[in-house]
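**Student:** next one to model:
(2 chains)
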Amino acid sequence: MSIRNNRRDFLKMAAGVGLITTAGLHLSHTTQASAETNAVTVVVVGAGLAGLAAINRLSKQLPNAKLILIDHNTTHRYQPGYTLLATGIWQSVDKVLNDNTSLVPKDVNWIQSNVQAFEPDQNQIVTEAGETIKYDFLVVATGLRLGYEQIQGLSNSDLGKNGIGSVYASPEIALATWHQMDEFRKRGGRAVMTLAHTDMKCAGAPLKMTFMLYDRLQQAGTLSNSQIDFFSPSKQVFSVPKVNENVLNRWQSLEKPIDVYFERKLTGIDVDKKTAFFVDTQGNQHTEMYDFIHLVPPMVAVDSVKNSPLANSIGWLEVDKYTLQHTRYPNVFGLGDINGTPKGKTAATVKLSAPVVVQNLIDVMKGQLPSQKFNGYTSCPLLIEEGKAMLVEFDYENNLTPTVPFVDPLKESYFAWFLEEMMLKPAYMAVAKGRV
Amino acid sequence: MIIYQMFMMLWEAILENRLLVAILVMVLVAPWLYWLINSRKKSFNHQRSLIVALVVSIIGFFFLPLYFSATIFDLSYWVDWAFHIAMVSAVLVYSYLVWLPLTAKHKTIE
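**Tutor:** Next comes the predicted model:
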């Protein structure tokens, strides 16, 4: 066979691969237009990762439906990047900010307001602007609320100042947290690390902050005159037993071990005296001095959900943990942090649960039962030190479920660090755009 | 489906790092444009390109992790080494392709 023929064959093969790939790409977002899905109004509340993932998928799969997105935020915040800002890996808040207008599909009616009230018995919601919006199907993806006000003596303006850090509040405060940590590591002292007593989003973040603080002290040469103490309101520092044990063993085997105090719930803080107040399970008060403190606020459902018929007994959205369908209102689904599920207030949860919610919603729209089940998948890339991380993935049953089978999820690696630093945001953006 | 997801993530990674990707593409395209205009009749010097590419990849072997806020000393797991070697190999191939048109020489008459 001549070289010319070989080249032609190669081009034919390349064209074939291209066609197959293109067909594959198209098929993965097959539209599901039918009589039942035409002229249906679907409202998605929230334009965080969960809301965007849902609305982008719905836009592709239900081209004839009337889609409405409700959220006042025009700026999208890549929250998994906050720990990288708060530990000095990333230096600019611009790395975590995106324009929401580039992420919302053009055929969606985006109402830039917040929801004041859910009225599921009337299939309607009322916005803060006073507008009443009717729906046939509803996806609640409001996210949660950070309850800093529940820490007595603290005001939001204290965050990022006077030795107080918190990774959760905003990109600006995450960066200010790094500045506080940087100041602290120059001279050393006592660091107090906390955990919330409520359900938490990215429950690994306080552990990452602790690991990275230790590493930063070591780099600065001030570890010898420093002490890091971790205060947990429960009997563990992480809900997955294998990960909990691994983290505690790591902390105990450090050159300067991190002491862990269990069943200590943060109740208040004296900013001027640099003192934190904890209460144990017997009701005893404990006072702890600090030079640097990392605060994790209690996390609660947003008021509009909490005060609505959609809420469970503690305020979260009452959904079936597998189908993510509301247990009492079958035309309502939940996605993301607002769900009252046992686990899964992370971006990784949205990646696997968004397709489940959209498909189940379409099933119900067609008069069928939800066909998809979510296994509770959650991922937490734990930063161990600069250049090393553990890629922990697990499900509702606390099984470790590594995506890359040959990578030990409980062993730190540069590979996992690379994924966290370079690939997590692209993966996140692909989820937000409904592409994966 | 997995291939589709990887493709989408790769595409997003390109978008996220568009400045770096644009620079890398320009650095690759410019020598080939130069070759197309000035050196088309010259033959490639594969040996010299390979030597230069090897030097670049050896430097990359030691310093590439710095770009990801890590160092060569952070590589401890076999997965890390496999990944690092794959990255360094990519640097080798890239450097070779960049240098190939630049090291083209006049054909020798035998």
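**Student:** list the contacts for the residue nearest the centre of chain B?
**Tutor:** Centroid check for chain B by C-alpha atoms, centre = their mean gives residue B:94 as the closest residue, at 2.2 Å. The neighbourhood of residue B:94, defined by C-beta atoms under 8 Å, 6 or more residues apart in numbering or on different chains, consists of B:24, B:28. For glycine as for every other residue, the C-beta is placed from the backbone atoms N, C-alpha and C.
**Student:** please, which helix or strand holds it?
**Tutor:** helix B:78-102 (DSSP states H and E).
**Student:** show me the helices in the chain, by range?
**Tutor:** Since no chain was named, I'll use chain A. A:3-27, A:49-61, A:82-86, A:171-187, A:205-220, A:241-252, A:303-306, A:347-365, A:414-418, A:424-432 (DSSP state H).
**Student:** hmm, I had chain B in mind actually
**Tutor:** B:2-16, B:18-38, B:46-67, B:78-102.
**Student:** pick out the shakiest of those, pLDDT-wise.
**Tutor:** Least confident of those, judged by mean pLDDT, is helix B:2-16 with a mean of 87.
**Student:** would you mark the buried spots in it?
**Tutor:** B:4, B:5, B:7, B:8, B:9, B:12, B:13, B:16 (16 or more other C-beta atoms under 10 Å in any protein chain shown).
**Student:** what does stretch A:192-203 give?
**Tutor:** A:192, A:193, A:194, A:195, A:196, A:197, A:198, A:199, A:200, A:201, A:202, A:203.
**Student:** residues making contact with it?
**Tutor:** Against stretch A:192-203 from outside (C-beta under 8 Å, 6+ apart): A:79-80, A:83, A:144, A:147, A:168, A:206, A:209-210, A:213, A:228-234, A:237-239, A:265-266, A:276, A:288, A:290, A:292-300, A:316, A:337, A:345-346, A:380.
**Student:** could you redo the last one with a cut-off of 6 Å?
**Tutor:** A:206, A:210, A:229-233, A:265-266, A:276, A:288, A:290, A:293-296, A:298-299, A:337, A:345-346 (C-beta atoms under 6 Å, 6 or more residues apart in numbering or on different chains).
**Student:** how far is it from where the chain is centred?
**Tutor:** 13 Å (C-alpha atoms, centre = their mean, to the nearest Å).
**Student:** same check on stretch B:47-54?
**Tutor:** With C-alpha atoms, centre = their mean, you get 12 Å for stretch B:47-54.
**Student:** stretch A:317-326 now?
**Tutor:** Worked out by C-alpha atoms, centre = their mean, stretch A:317-326 lies 18 Å from the chain centre.
**Student:** convert the C-alpha atoms of it to CSV, please.
**Tutor:** Provided in CSV are the C-alpha atoms of stretch A:317-326 (Å, rounded to 0.1, in the frame of the first residue of the first chain):
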residue,chain,number,x,y,z
LEU,A,317,-35.4,20.4,52.4
GLU,A,318,-37.2,17.1,53.1
VAL,A,319,-36.2,14.9,50.2
ASP,A,320,-35.8,11.2,49.6
LYS,A,321,-32.0,10.6,49.9
TYR,A,322,-31.9,8.4,46.8
THR,A,323,-34.3,10.0,44.3
LEU,A,324,-33.9,13.6,45.7
GLN,A,325,-37.6,14.0,45.2
HIS,A,326,-39.5,15.8,48.0
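**Student:** roughly how far is stretch A:238-245 from the heart of the chain?
**Tutor:** For stretch A:238-245, the distance to the chain centre is 19 Å (C-alpha atoms, centre = their mean).
**Student:** show me what counts as buried in that stretch.
**Tutor:** Buried-residue list, stretch A:238-245, by 16+ other C-beta under 10 Å: A:238, A:239, A:240, A:243, A:244.
**Student:** near chain B, which residues of the stretch 51-200 of chain A?
**Tutor:** Proximity of the stretch 51-200 of chain A to chain B, by C-beta under 6 Å from any C-beta of the partner chain, involves residues residue A:89.
**Student:** tell me how many other residues crowd the closest residue to residue A:292 other than its chain neighbours.
**Tutor:** Nearest non-adjacent residue to residue A:292, counting by C-beta to C-beta, 6 or more residues apart in numbering or on different chains: residue A:184, 3.9 Å away. For residue A:184, the number of neighbouring residues by other C-beta atoms under 10 Å in any protein chain shown comes to 24.
**Student:** now the end-to-end length of stretch A:116-125.
**Tutor:** 8 Å (C-alpha to C-alpha, to the nearest Å).
**Student:** wait, what's in contact with the residue nearest to the spatial centre of chain A?
**Tutor:** Computing the C-alpha centroid of chain A and ranking residues by C-alpha atoms, centre = their mean puts residue A:346 first, at 2.9 Å. Counting by C-beta under 6 Å, 6+ apart, residue A:346 touches A:202, A:378.
**Student:** for it, grab phi and psi.
**Tutor:** Residue A:346 adopts backbone torsions of phi -140, psi 170, taken as degrees, to the nearest 10.
**Student:** ok, it to residue A:138 distance?
**Tutor:** Distance of residue A:346 to residue A:138, computed by C-beta to C-beta, to the nearest Å: 23 Å.
**Student:** near chain B, which residues of the stretch 301-436 of chain A?
**Tutor:** Checking the stretch 301-436 of chain A against chain B by C-beta under 6 Å from any C-beta, the hits are A:387-388, A:407, A:411, A:413-415, A:417-418, A:421, A:425-427, A:429-430, A:435-436.
**Student:** now residue B:84, nearest residue through space, not along the chain?
**Tutor:** residue B:75 (5.7 Å).
**Student:** how many neighbours does the closest residue to residue A:246 other than its chain neighbours have?
**Tutor:** Among residues not flanking residue A:246 along the chain, residue A:410 sits closest, at 4.9 Å (C-beta to C-beta, 6+ apart). A count of nearby residues for residue A:410, using other C-beta under 10 Å, gives 17.
**Student:** how near is the residue nearest to the centre of chain A to chain B?
**Tutor:** 17 Å (C-beta to the nearest C-beta, to the nearest Å).
**Student:** for the closest residue to chain B within the stretch 301-436 of chain A, give its distance to residue A:92.
**Tutor:** Closest to chain B within the stretch 301-436 of chain A is residue A:387: 3.2 Å, counting by C-beta to the nearest C-beta. Applying C-beta to C-beta, the value for residue A:387 to residue A:92 is 20 Å.
**Student:** looking at the two now, which is surrounded by more residues?
**Tutor:** For residue A:387 versus residue A:92, neighbours defined as other C-beta under 10 Å are more numerous around residue A:387 (26 against 10).
**Student:** show me what contacts residue A:72?
**Tutor:** Applying C-beta under 6 Å, 6+ apart, the residues near residue A:72 are A:112, A:113, A:114.
**Student:** next one: residue A:185
**Tutor:** A:216, A:217, A:220, A:222.
**Student:** put the buried members of those residues into a PyMOL selection.
**Tutor:** Per 16+ other C-beta under 10 Å, the buried members of the contacts of residue A:185 correspond to this PyMOL selection:
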select buried, chain A and resi 216+217+222
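**Student:** between the contacts of residue A:185, which sits nearest chain B?
**Tutor:** residue A:216 (12.8 Å).
**Student:** follow-up on the earlier one: now tabulate the buried residues of stretch A:192-203 in CSV and tack on pLDDT.
**Tutor:** Below are the buried residues of stretch A:192-203 laid out as CSV (pLDDT from 0 to 100):
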residue, pLDDT
A:192, 98
A:193, 98
A:194, 98
A:195, 98
A:196, 97
A:197, 96
A:198, 96
A:199, 95
A:200, 95
A:201, 95
A:202, 93
A:203, 94
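**Student:** wait, which of the residues you listed is closest to chain B?
**Tutor:** For the buried residues of stretch A:192-203, the nearest to chain B is residue A:202 (19.9 Å; C-beta to the nearest C-beta).
**Student:** would you list the phi and psi of the closest one?
**Tutor:** Torsion angles, degrees, to the nearest 10, at residue A:202: phi 40, psi 70.
**Student:** so which residues on chain B come close to chain A?
**Tutor:** So chain B meets chain A at B:4-5, B:8-9, B:12-13, B:16, B:68-70, B:74-75, B:77, B:79-80, B:83 (C-beta under 6 Å from any C-beta).
**Student:** follow-up on the earlier one: as JSON lines, the buried residues of stretch A:192-203 with distance to residue A:45 would be great.
**Tutor:** Output for the buried residues of stretch A:192-203, formatted as JSON lines (distance: C-beta to C-beta, whole Å):
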{"residue": "A:192", "distance to residue A:45": "37"}
{"residue": "A:193", "distance to residue A:45": "34"}
{"residue": "A:194", "distance to residue A:45": "31"}
{"residue": "A:195", "distance to residue A:45": "29"}
{"residue": "A:196", "distance to residue A:45": "24"}
{"residue": "A:197", "distance to residue A:45": "27"}
{"residue": "A:198", "distance to residue A:45": "22"}
{"residue": "A:199", "distance to residue A:45": "19"}
{"residue": "A:200", "distance to residue A:45": "22"}
{"residue": "A:201", "distance to residue A:45": "17"}
{"residue": "A:202", "distance to residue A:45": "21"}
{"residue": "A:203", "distance to residue A:45": "24"}
